[in-house]
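Undergrad: build me a model from this:
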Amino acid sequence: MMKLRPGLIAGGAGLTMMVLLQMLPFWVAITTAFKPITDLSPQMFFPGNVDWGNFATAISDGNILQAVVNGVIVTGVSTALVCTLGALTAYPLARRVTRLNKGILLFILSLLMIPPLSIMVPLYSMLTQMNGVNTYWGIIVVMVTLHLPVSVFLYSSFLRNVPRALEEAATIDGANLIQTLVRIVFPLLKPVTATVAILAGVSIWNDYSLSVFFLTDPAVRTVAPAVGAFFSQESSNLGAAAAASLIALAPVLLAYLFLQKYFMKGMVAGAEK
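TA: Down below sits the predicted model:
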């Protein structure tokens, strides 16, 4: 048998330890979610009698399913707008390298340096005057605005590497600008679109700091503020709080399982940029 090098053994042991540490909170959440409130056994051990009552409590009292639906709507619409507007904005900035476009791109990139919480007060005041608090469109506008700079930056960086000869050939064949974008340019943006969708979608789904202020009505709360509110309400019932967290985690986990190859391609493309 081939002898294992000490370095490989140490690396494998370190990787195994890292995986176990990453999985530990998830395992504790599972064991806690299936324990009745009267079970005082250590949280590391799976209960002998599985209790589904915590999930029923999370659904009935925590309104978690409605929060998941709200999160899917807000995340889906916001991510689609971030990808579409980012691509349309980045195309002229990448194809027409002028002083004005360079200044616009630098201004967009400078917005990345602004912490979102630093503009919370004026943003909340503006949305209040526009009746956008506790509405889908209000939180969608906020999320799209905050994630557009990253989208424009990634799309513009990717478009610089797309050969202009493809567009010139399409023009010679009689295609107009819209046809060139739809049939030639946009299909080539699939890798960077996956990157933008992953970065924006995961961030919007997990957002708490902004959503907790703009979505105070339980009927329109997304996942993160709904789980936070339910946890503060049921702090004595950790099983129900853990069940609510697992329900909120399920859509993201399922999306990753079915779209794993796109996740990997998107993350690799993002790393290259």
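Undergrad: residue contacts, Val152?
TA: Going by C-beta atoms under 8 Å, 6 or more residues apart in numbering, Val152 touches 86, 89-90, 93, 105, 108. To be clear about C-beta, it is placed using only N, CA and C from the backbone, and glycine gets the same treatment.
Undergrad: run the last query once more with 6 Å
TA: By C-beta atoms under 6 Å, 6 or more residues apart in numbering, the contact list for Val152 reads 86, 89-90, 108.
Undergrad: for Val82, same thing?
TA: Applying C-beta under 6 Å, 6+ apart to Val82 gives the contacts 144, 147, 151, 200.
Undergrad: what about the strands in the stretch 101-250 of the chain?
TA: Counting by DSSP state E, counting those that start in this stretch, the stretch 101-250 of the chain forms no strands at all.
Undergrad: turn the contacts of Val82 into TSV, columns for distance to Val19, pLDDT and neighbour count.
TA: Converted to TSV, the contacts of Val82 look like this (distance: C-beta to C-beta, whole Å; pLDDT from 0 to 100; neighbours: other C-beta atoms under 10 Å):
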residue	distance to Val19	pLDDT	neighbour count
Val144	35	93	21
His147	30	92	23
Ser151	32	91	28
Ala200	27	89	25
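Undergrad: among those, which lie within helices?
TA: 144, 147, 151, 200 (DSSP state H).
Undergrad: give me the neighbour count for the residue nearest to the first one when sequence neighbours are not counted.
TA: Yep, that's Val144 we're talking about. Leaving aside its sequence neighbours, Val144 sits nearest to Leu81 (C-beta to C-beta, 6 or more residues apart in numbering; 4.8 Å). Leu81: 19 surrounding residues under other C-beta atoms under 10 Å.
Undergrad: check the gap between Leu81 and Ala175 for me.
TA: Leu81 sits 26 Å away from Ala175, taking C-beta to C-beta, to the nearest Å as the criterion.
Undergrad: shaky segments in the chain?
TA: By pLDDT under 70, the weakly predicted segments of the chain are 1-4, 6-7, 39-42, 234-235, 259-273.
Undergrad: longest helix in it, please.
TA: helix 64-95.
Undergrad: got the buried residues for the helix or strand where Gly12 lies?
TA: Element membership for Gly12 (DSSP states H and E) is helix 6-33. Applying a neighbour-count criterion of 16 or more other C-beta atoms under 10 Å, one finds 29, 31-33 buried in helix 6-33.
Undergrad: now stretch 120-135
TA: 123-124, 127, 132-135.
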